[in-house]
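Asker: Here's my sequence, what's the structure:
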Amino acid sequence: MSGRALRKLREEREIAARKELEDSEEDDEEVDERKTGGAFLAMMDDSSSDEYESSESDEESSQNELGSSETDGTDKAIPATEENCDSKPATTDATNDKIPGDKEEDLDALLAEFKSTDGTLRVNKESDQDNCSWFQDIVDNLDPRDLDFEAVTRSNLHVGGSAVEDPVTGSRRSRQSYLFGAAREGWGRPPHYIGGGIGMKTYEDEKAQSLPFPYNLKVVDDDGDIDEKRDWMQFRNWYKFIYSDTYKKSLDLYHEIQQTGDVNTLALFIADNPFVPEALLQLAKVAYQTNRKQEGLALLRRSLWIYECSSLNSFLPQQRVRFFLDSNLQENKAFFDALLQLVKVSSIAGCMRTALSVSRYLLSMDPLRDPTGVLLIMDYYALSTMKEEHDIFLITMVESDKIRIYYEDKEVGNSVGKLLDMPNWAYAYAMALFRFEKSIDSSKSSVRNMTSTEALVSAIQTFPSIVEQLLVKNDQDIFGRSMEIDWPRLLNALRSMDSPPNNDSKYDAVVYHASKSACDLISKHFVERSCKLWAGTDILKWLHNAAVEAVSRGENATCPSKALQRYSRFEHQTFDTREQLLPDEANPLDPSLLAMCLVVDQNRRRFLRRGDRAGRPDPLEVLENQARNGARGVVMGGRATQQIDPDSPMLEVFLQSMLPWNHVEGLPPPPP
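Answerer: As a prediction, the model looks like this:
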């Protein structure tokens, strides 16, 4: 190996080490101002690759200059003298490749330096793995590009170029600026917290803020000591959105409009206030229910884009599970609702990659409570992508045994459950193991907690009724017999296993039926969504053999976990496969007003809302007058006033203001 090659190798190692150092510094620093290109994609910074490209281009340019100088010297005519003819031919020794002015370097010293550098990098990587988050399995190998619904749709349709390969890491990188998609033309920038918009801060700024249940519980390690080093126990890892006073006034007006139920008034409000994500999300849901999917997606994306611009640079849930949000806070609730709507939209459109990635993103911000209920459907998204990496993700989630189900009940007491206590995860774990065992050789397979058959037998013993539900949903003959399969006798044995344990001394009928009801709800949802995944001939045979093994053991089903009761509050339509459309004759949304909401123009002339043709006042004008007069302390029911549009010509505003029954917004009422 020549000295030039070793020097180039050393430069590449220094660039890689510098990149890892920059990434670690970005994860730990707390920044209170926003980025120009969005705060959620600090992990996708291409500075290291740019430095590599620039250094590589500089090296190439220097080599080109050197080559050109050598060429210029050899192109000149050399007289054919005896000395030139008798000159020795050029050798191919490595010493002739040296650049003039370079110093001799000891190859042994360079190799020793590389060995020491590799040892240091290896130690740093091991320490990073030791210091990783407790719930890091949720976002491991999560591709941020899968969070962009429109980009995934274009890639599925093979429209346009997308990714570029990074020369340093060898991975593909995208040129997008925002996590959930680039801002559309004309959106501008939403106001910051200081300018009357939304901001974000950590719990360190609020000493009186307390951690919610179950994050406030003490964790005891194996030695019996209290472990205070968990990620969720540090206040700097908890974030919350904050509202400015101006935004609170706009939000109060939105809540009053929401109580009226008038969608057209909501559209007028969004046209005047284009950066209120709660209102945008509500109108997006109405647009989907009226079969206007493109308009609904645009409003939903703008809502998420506003939250991206309002977040801190240090808020990176898609990179490490060290950034938590309390979903019970009113300021954070709308962000969870917007992400849940994106999960539903992606699932209906068939973008299971986006649905799975957004579900993992949602779970990473509140992994112990699962406020949006994504654990009810995440297993289906992982299996429906038909990718081995997602099967491994599902297996890792279960075998890590770090995701717990907490249920808070002041009467009965708090309860904790595991992922395998949920019927959908018990059967999905067995299915993922079944696929994983088929995809690789048995000699190369890694050691797992159990085989796929053992996992399925355990799932059938715990939830025996799901077997019959899967067969009925897949239109299988459960009354016929054959030489290999005897479903009638097997299903009768499974039904007897699912009886309540009346002989158990700890049996509580009230708690059992409440837990059983929640378990049946989860099972019904699992069968409706995942039934087609269990329709294969080889899978049905595998299911039959596992059911025979479960019946032969002669054990009755255990009582469902009390922690499953937390999922009884979720509606069945939360993750429905289709959108519930309103009838055409009951369509309440004016298309012209909806089109006006899609255009962001903060300097737009506001409409003079003088009422309808019947003489009734406009509801938005009434609500604005109520809010304005309530702020001034004016008693409602006084003399009627007519509002003057301040965007009208100056002379018109002056003449109209001379009339006693007119009123200019922002000025106090005339004295009585």
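Asker: Okay, and the beta partners of Asn662?
Answerer: Beta-bridge pairing for Asn662 (DSSP bridges): Gln642.
Asker: ok, it - how many residues close by?
Answerer: By other CB atoms under 10 Å, 15 other residues sit near Asn662. All C-beta atoms are positioned from the backbone trio N, CA, C, and that covers glycine.
Asker: can you check Lys410 too?
Answerer: 6.
Asker: Got phi/psi on it?
Answerer: Note on Lys410: backbone dihedrals following degrees, to the nearest 10 are phi -70, psi -20.
Asker: confidence score at it?
Answerer: With respect to pLDDT, Lys410 has a value of 76.
Asker: how near is it to Phe213?
Answerer: Distance, Lys410 to Phe213, using CB to CB, to the nearest Å: 11 Å.
Asker: Assumed Glu411 was part of a strand.
Answerer: No - under DSSP: H, G, I helix; E, B strand; the rest coil, Glu411 falls outside any strand and is assigned coil.
Asker: Backbone dihedrals for it, please?
Answerer: The phi/psi pair for Glu411 (degrees, to the nearest 10) is phi -90, psi -50.
Asker: What count of nearby residues applies to it?
Answerer: 4.
Asker: repeat for the one 4 residues further on
Answerer: Residues lying near Ser415 (other CB under 10 Å) number 18.
Asker: residues in contact with the closest residue to it other than its chain neighbours?
Answerer: The shortest distance from Ser415 to any non-neighbouring residue, by CB to CB, 6 or more residues apart in numbering, is to Lys562 (4.0 Å). By CB atoms under 8 Å, 6 or more residues apart in numbering, the contact set of Lys562 is 407, 409, 412, 415, 417, 511, 514-515.
Asker: Just the buried ones from these?
Answerer: 407, 415, 417, 511, 514-515 (16 or more other CB atoms under 10 Å).
Asker: Which member of the residues you listed is positioned nearest Leu582?
Answerer: Ala514 (34.6 Å; CB to CB).
Asker: isn't the closest one right up against Leu564?
Answerer: No - Ala514 is not in contact with Leu564 according to CB atoms under 8 Å; the separation is 9.0 Å.
Asker: one step back: would a markdown table of the contacts of Lys562 with distance to Arg369 be doable?
Answerer: Written out in a markdown table, the entries for those read as follows (distance: CB to CB, whole Å):
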| residue | distance to Arg369 |
| --- | --- |
| Tyr407 | 9 |
| Asp409 | 14 |
| Val412 | 18 |
| Ser415 | 13 |
| Gly417 | 13 |
| Val511 | 21 |
| Ala514 | 19 |
| Ser515 | 18 |
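Asker: What about Asn216, how many residues nearby?
Answerer: Neighbour number of Asn216 under other CB under 10 Å is 10.
Asker: In three-state terms, label it for me.
Answerer: coil.
Asker: Hmm, it is touching Trp238, no?
Answerer: No - look at Asn216 against Trp238 with CB under 8 Å: they stay out of range, at 11.3 Å.
Asker: So in terms of bridging, what pairs with Gly199?
Answerer: Ile242.
Asker: how far away is it from Gly554?
Answerer: 61 Å.
Asker: So the two - more neighbours on which side?
Answerer: More crowded of Gly199 and Gly554, by other CB under 10 Å: Gly199, with 22 against 8.
Asker: So Asn474 is in contact with Trp534, correct?
Answerer: Yes - with contact defined as CB under 8 Å, Asn474 counts as touching Trp534 (6.7 Å).
Asker: what do those two both touch?
Answerer: With CB under 8 Å, 6+ apart as the test, Asn474 and Trp534 both reach Leu540.
Asker: Those two: who's more crowded?
Answerer: Trp534 (20 against 16).
Asker: ok, so what distance separates the residue nearest to that one when sequence neighbours are not counted from Tyr429?
Answerer: In this structure, Trp534 finds its nearest non-sequential neighbour in Leu470, 5.0 Å apart by CB to CB, 6+ apart. From Leu470 across to Tyr429, the span is 16 Å (CB to CB).
Asker: okay, these two: which has more neighbours?
Answerer: Counted by other CB under 10 Å, Leu470 and Tyr429 do not tie: Tyr429 has more neighbours, with 27 against 22.
Asker: ok, and the closest non-adjacent residue to the more buried one?
Answerer: Per CB to CB, 6+ apart, closest to Tyr429 is Val398, 4.7 Å.
Asker: Isn't that neighbour up against Trp425?
Answerer: Yes - between Val398 and Trp425 there is a contact under CB under 8 Å: 6.5 Å.
Asker: got any residues that touch both of the two?
Answerer: With CB under 8 Å, 6+ apart, Val398 and Trp425 have common neighbours Leu419.
Asker: which of the two has more neighbours?
Answerer: More neighbours surround Trp425 than the other of Val398 and Trp425, with 25 against 22 (other CB under 10 Å).
Asker: if you look at the contacts of Lys562, which of them are in strands?
Answerer: 407, 415, 417 (DSSP state E).
Asker: Quick check: the second one vs Tyr429, distance?
Answerer: Right, the one you point to is Ser415. Applying CB to CB to Ser415 and Tyr429 gives a distance of 21 Å.
Asker: ok, back up a step: helix, strand or coil for the residue nearest to Trp534?
Answerer: Taking three-state DSSP, the label given to Leu470 is helix.
Asker: Might one say that it is in contact with Arg529?
Answerer: No - at 11.6 Å, Leu470 does not count as touching Arg529 under the criterion of CB under 8 Å.
Asker: pLDDT check: weakest of the contacts of Lys562?
Answerer: Comparing the contacts of Lys562 by pLDDT, Val412 comes last, at 71.
Asker: ok, the nearest residue to that one once chain neighbours are set aside to Asn328 distance?
Answerer: Sequence neighbours aside, Val511 is the residue nearest to Val412 in space, at 6.3 Å (criterion: CB to CB, 6+ apart). Using CB to CB, Val511 is found at 25 Å from Asn328.
Asker: Next: Arg184.
Answerer: 32 Å.
Asker: do Leu142 as well
Answerer: 25 Å.
Asker: More neighbours: which of those two?
Answerer: The neighbour count for Leu142 versus Asn328, taken as other CB under 10 Å, is higher for Leu142 (18 against 13).
Asker: On the three-state scheme, the more buried one is what?
Answerer: Quick answer, by three-state DSSP: Leu142 is coil.
Asker: Now for it: which residues touch it?
Answerer: 318, 357, 360-361.
Asker: would you turn those into TSV with secondary structure, distance to Ala349 and pLDDT?
Answerer: TSV is the format used below for the contacts of Leu142 (DSSP: H, G, I helix; E, B strand; the rest coil; distance: CB to CB, whole Å; pLDDT from 0 to 100):
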residue	secondary structure	distance to Ala349	pLDDT
Gln318	coil	21	71
Ser357	helix	14	93
Arg360	helix	18	93
Tyr361	helix	18	92
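Asker: Could you dump the residues you listed into TSV and include neighbour count and distance to Pro583?
Answerer: Shown next, in TSV, are those (neighbours: other CB atoms under 10 Å; distance: CB to CB, whole Å):
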residue	neighbour count	distance to Pro583
Gln318	25	40
Ser357	26	34
Arg360	25	37
Tyr361	24	35
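Asker: which one of those residues sits closest to Leu376?
Answerer: Of the contacts of Leu142, the one sitting nearest to Leu376 (CB to CB) turns out to be Arg360, at 14.1 Å.
Asker: counting contacts, what elements does the helix or strand hosting Ser364 pack onto?
Answerer: Per DSSP states H and E, Ser364 falls inside helix 352-365. The elements that helix 352-365 packs onto, with contact taken as 3 or more CB pairs under 8 Å, 6 or more residues apart in numbering; DSSP states H and E, are helix 149-156, helix 330-349, helix 378-384.
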